[in-house]
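Participant: What follows is a predicted structure for the sequence shown.
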Amino acid sequence: MSKRDYLGDFEQVVLLTVMRLGPDAYGVSIKQEIEQRTHRKVSLGAIYPTLDRLEAKGLVASRVGVPTAERGGRAKRHFEINSAGLAALRRSHAMLAALWDGFEQEVAS
Amino acid sequence: MIGKSGRRAIKAPWVPAFLLYALPHSHRSHILGDIAEQYTLIARNRTSRVAAAWFWKELITSIFANVITRLRYRVRGTSGPSGNQQQPQSNRGRNPFDGFGYDLRFAVRGLMKSPTFAIGAVVMLALGIGVNTAIFSMNAGMLRIVERFHQPDQLVFVWGVEDRWTRSAVSAQDYLHWREQADAFQEMGLYRTVARYVTGEREPQRVRAVQTSANLLPMLGLDAERGRIHGVVDEDPAAPAVVVLTHRFWQERYGGDPSLLGRTIRLNDEPYTVVGVLPAKVEFEILWHDTDLLIPLILDPTELNWEDRYYRVIARMAEGTSAEQAQAQMTAIAARLAEAQPETNAEFGARVEQFADRFYSADDRLAMASLLLAVFAVLLIACVNLANLLLAKGTARQSEVAIRLAVGASRGRVVRQLLTESLLLSFTGGAFGIVLGIWGLRLLLSSLPSTPFLPEEVGLDPVLLAYTFLISVGAALAFGLTPALLASRVSLSESIKEGGAGKSASRSRKRFRNGIMVAQLALTVPLVLSCVVGYRQVQTLGSLDFGFATEGMLVAQVDLPPYRFEHAVDRTEFYDAVVAEVSNIPGVTAAAAGMNVPIGIGHRSVYGPLVIEGREAEEGAERGPRGFEVVSPEYFETIGVPIARGRAFTAADGPGDPAVAIVNEALVRRYWPGQDAVGKRLIPDPPSENWGQQDTPEFVTVVGVVADFGATFYGDPPNPAVYMSHLQQAPYDIKLIARTAADPLSLAPALRAAVTRTDAGVPLSQIRTGPALIDDWLQESRTVAATLGVLGLLALGMAMLGLYGMVAYSVAQRTFELGVRMVLGADIRAIRWTVMRSFVTLAGAGVLIGLVVSGIGGLIVRSQLVMLRIPIFSTVVGLIVLLGGVVLLASYLPARRATSIEPVQALRCE
């Protein structure tokens, strides 16, 4: 596994959320989902650079939607995980799972 | 914006453009859209106020989170596969801890660790920079006013000068001779303001018209927005009459109807063709306030004389001519005319005044300079406080600095790191300061009706940004440099050996802190004092006693079109009839007409010479202010002032009867002290155009004396006044005054109906209640007072907080020393007093310097102040008690804490 495939904590959180949300993933929904699941406050300001980085790594794709009045005439940017993203999550999970393996026994003994 | 959104569709607050630059372009629109979306949701479920608060909090945290997240990713340097491999090589030989970016990241992280300090510092700076931004913008706006005209440096007014009047109007002959003889000007035009009555389709209206010569508007560089302005062709007496409307009047009366162009409106019952509409800009407003329309000025051959001085002259100087040269030439021409026309021009001079001086006068500039000084003092106080906070932090960080020095950082490197923190603080403060400043100024302007520029005109411009940038850098240096230098001057071995925490402060540090404390008090005292004085002046104005009850009073202005009410008898009849109509309105207890309702200060409608029988020769020497008023017989009773002697006017004082007058007590005291004024005779001789009758002045007999009423400046006696009956002297405009039992404003429609019943062609305007008139009069002063109040509170609050923090901190630092003293057996009370004494001395010195400064300032300002009695002494005492109390409390509490613990513990606290 090369270094570029490694996902940081927050990157994993964001990428997993994008995956869960499917086609509905955009700034507000990602923020709400993360806050509901992790009970952690996150800022939109932090989500976007992370999404950018994920996109630069080729793990998510984004498209710009139609501007609406309730958004002050600004467009949504929708995100969607792609196969590379799913693969990266899988690798991350495998890597972490390997590390976690035997945790309970270690604690128990 | 905040809180208003409930009325319309929900709309997220407007975000100042520069705030957005903190977000990268690719994120900006989406982040804002997301925040706006949630704002809408919150505004719908909760209130728009809650939503707005959420909006700003979210926006600000997003900006910070965005910057930090991006910085973090960049530090790890894994932006892409190629970057990953290139970076180490390209960075080889460069210290990764040496860049500005590193300093900045470090500073951001450091500040995030102590958010209370960071927020406090940013708020303080934002307030300090904000008020500076506001006042600076205002000044810049004032300086830019003339730029609305074409090549404004060449534009001048050419005034007549006569006696004390330095901005006199001139006669047609003056103008024609000036234009012919002066070659310092490439162009000279003239104008005059006149009243006109717009009649036809809707209710009649008295409007303000400006007659201009055809060359005037092109000379100023002004053109029509729609249609055209009038030109030379329209000056032909045979050409149809034309009119150009101002944008405001076009909107107000005609609802911006574009089909009005080419149509005919009726002015003074004559047809005029609308040929153009002026642009909405305010250049017309600064030149001609509240003007409704422009009409051509055609010099009437019968008015081509030297006497009738109605006209005002604007000229454009020739290329390369200075105002001084133009003035010299005009002085010479005026001297020649004085010889040629001694009867009219012997005492008549000419004065050239540049547009820049006219629209931003020396007085205004002085007032602005003192405001700039005041807000600068506020910023200095903020800087002083911050310097002290940083110093305290610097002490706490001594060991960090020492370690850096020990591992080989240069002193300059350490100072740079500390300065980067200051810069970060001051630029963040500056960014918020701009928002605050612009909002504050818009708020200020919207409550000042007579400012020459619009609130919307205030915005971000390069000059303002440069100014804010400069004061931000200046502030950062002011509050950051000394603490940084002091912090870098630590003794290595000592600091590390002793484990870091500051012992008793070093001598230089102590001296610096003491200096700061004195400086802060010396700045605060004059600032707060002048704000309090200004504030209380306005307060005093608000509680003035006018000598009659203003509640339950309804006042409205009636203007009689001269072309329909040419004869005095018509005007008198109208006034009689309308007063009778008004007094019949149910709910009206009394009604009268009069030229004036004396609300305001020293307010009298008409001034002019007064001849007292038997003392005719004295007139030349006596030129005090005195008023001439025309009132209906019911006036004094309706207003509610008693006739002290003699009688009021009656219906028997008619047009054919002997002319009679009522005078006030002030006039009696002045001219007939100790005598009975009833039966005395005088000639009131005010300018005829205001008084409405052109009869040769004759003696009138005083039949009554009325008590003085109306307010004057503090210390001034009431002005002498002469009242005449409207039956004998009928002006063209008058105020209807009604006393009402019910809410006066509810009777306004009935009042309007009463006037329409009397004559449907007479315009009624400015329907106001008594308290509303006072409000109108005070509005500007109130805004000034509010501004001063905010400034004063800001300065005082900052100073008190800063002072408390500074004193408390430095006392707390001496805990160890105090412990030693206690161990050695010193008396606790003596110790406490020793600690407090030095601060009390310092505070005393600061306040004293401040008082001296305010004394000097007060002498300069006194000449300009409205002279009202202000209890300044109690203010000074109050201020000393307040500031002294802060110092005592701030030194006593920590001293008590330090001395009430076990001495051993005090020693251990190190």
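Facilitator: Looks like it arrived, so ask away. Everything numeric here is computed off the predicted structure, so don't read it as measured data.

Participant: Going by length in residues, pull out the top helix of the chain.
Facilitator: No chain in the question, so chain A it is. Ranked by residue count under DSSP state H, the longest helix found in chain A is helix A:83-100.

Participant: oops, chain B please
Facilitator: Longest helix of chain B, by residue count under DSSP H: helix B:770-812.

Participant: check contacts around residue A:42.
Facilitator: Residues in contact with residue A:42 (C-beta atoms under 8 Å, 6 or more residues apart in numbering or on different chains) are A:31, A:34, A:35. Placement of C-beta: from N, CA and C, glycine included.

Participant: if you set the cut-off to 10 Å instead, what comes out?
Facilitator: Going by C-beta atoms under 10 Å, 6 or more residues apart in numbering or on different chains, residue A:42 touches A:10, A:13, A:14, A:17, A:30, A:31, A:32, A:33, A:34, A:35, A:50, B:65.

Participant: Which of these ranks first by neighbour count?
Facilitator: residue A:14 (28 neighbours; other C-beta atoms under 10 Å in any protein chain shown).

Participant: Can you tell me the element it falls in?
Facilitator: Following DSSP states H and E, one finds residue A:14 within helix A:9-21.

Participant: which strands and helices sit next to whatever helix or strand comes next after that helix?
Facilitator: Moving toward the C-terminus from helix A:9-21, the next helix or strand (DSSP H and E) is helix A:27-38. Packing partners of helix A:27-38 (3 or more C-beta pairs under 10 Å, 6 or more residues apart in numbering or on different chains; DSSP states H and E): helix A:9-21, helix A:44-56, strand A:77-81, helix B:25-45.

Participant: quick one: residue B:768 and chain A, what's the gap?
Facilitator: Residue B:768 sits at a distance of 41 Å from chain A (criterion: C-beta to the nearest C-beta, to the nearest Å).

Participant: What strands flank the helix or strand containing that residue, and is each parallel or antiparallel?
Facilitator: Following DSSP H and E, one finds residue B:768 within strand B:764-769. In the sheet, strand B:764-769 lines up against strand B:553-559 (antiparallel) (DSSP bridges).

Participant: quick one: the helix or strand that comes right after the strand it pairs with to strand B:553-559, angle?
Facilitator: Toward the C-terminal end, the helix or strand that comes next after strand B:553-559 (DSSP H and E) is helix B:568-583. Angle, helix B:568-583 to strand B:553-559, by axes from the mean of the first three to the mean of the last three C-alpha atoms, to 10 degrees: 150 degrees.

Participant: got the helices and strands packed on helix A:27-38 as a markdown table, with mean pLDDT and distance to residue B:878 columns?
Facilitator: As requested, those are exported to a markdown table (pLDDT from 0 to 100; distance: least, C-beta to C-beta, whole Å):
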| stretch | mean pLDDT | distance to residue B:878 |
| --- | --- | --- |
| helix A:9-21 | 89 | 55 |
| helix A:44-56 | 86 | 46 |
| strand A:77-81 | 89 | 58 |
| helix B:25-45 | 82 | 44 |
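
Participant: Any chance of the ones you listed in JSON lines with distance to residue B:54 as columns?
Facilitator: Below are the helices and strands packed on helix A:27-38 laid out as JSON lines (distance: least, C-beta to C-beta, whole Å):
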{"stretch": "helix A:9-21", "distance to residue B:54": "22"}
{"stretch": "helix A:44-56", "distance to residue B:54": "12"}
{"stretch": "strand A:77-81", "distance to residue B:54": "21"}
{"stretch": "helix B:25-45", "distance to residue B:54": "6"}
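
Participant: I figured residue B:336 was touching residue B:349, is that so?
Facilitator: No. If you go by C-beta atoms under 10 Å, residue B:336 and residue B:349 don't touch, sitting 11.9 Å apart.

Participant: Quick one: low-confidence residue ranges for the stretch 701-850 of chain B.
Facilitator: Applying pLDDT under 70 to the stretch 701-850 of chain B flags the ranges B:712-717.

Participant: what do you get for chain A?
Facilitator: Within chain A, the ranges that satisfy pLDDT under 70 run A:1-5, A:109.

Participant: nearest to residue B:517, of the helices and strands packed on helix A:27-38?
Facilitator: Residue B:517 lies closest to helix A:44-56 among the helices and strands packed on helix A:27-38, at 39.8 Å (C-beta to C-beta).

Participant: Does chain B have contacts with the closest one?
Facilitator: Yes. Helix A:44-56 reaches chain B (C-beta under 10 Å from any C-beta of the partner chain) through A:44, A:45, A:46, A:47, A:48, A:49, A:50, A:51, A:52, A:53, A:56.

Participant: Out of these, who's the most crowded?
Facilitator: Ranked by the number of neighbours (other C-beta under 10 Å), the residues of helix A:44-56 next to chain B place residue A:47 first, at 29 neighbours.

Participant: and that residue, what is it in contact with?
Facilitator: With C-beta under 10 Å, 6+ apart, residue A:47 has these contacts: A:10, A:13-14, A:17, A:26-28, A:30-31, A:34, A:79, B:27, B:30-31, B:34, B:62, B:65-66, B:69.

Participant: try residue A:45
Facilitator: Per C-beta under 10 Å, 6+ apart, neighbours of residue A:45: B:22-23, B:27, B:31, B:35, B:58-70.
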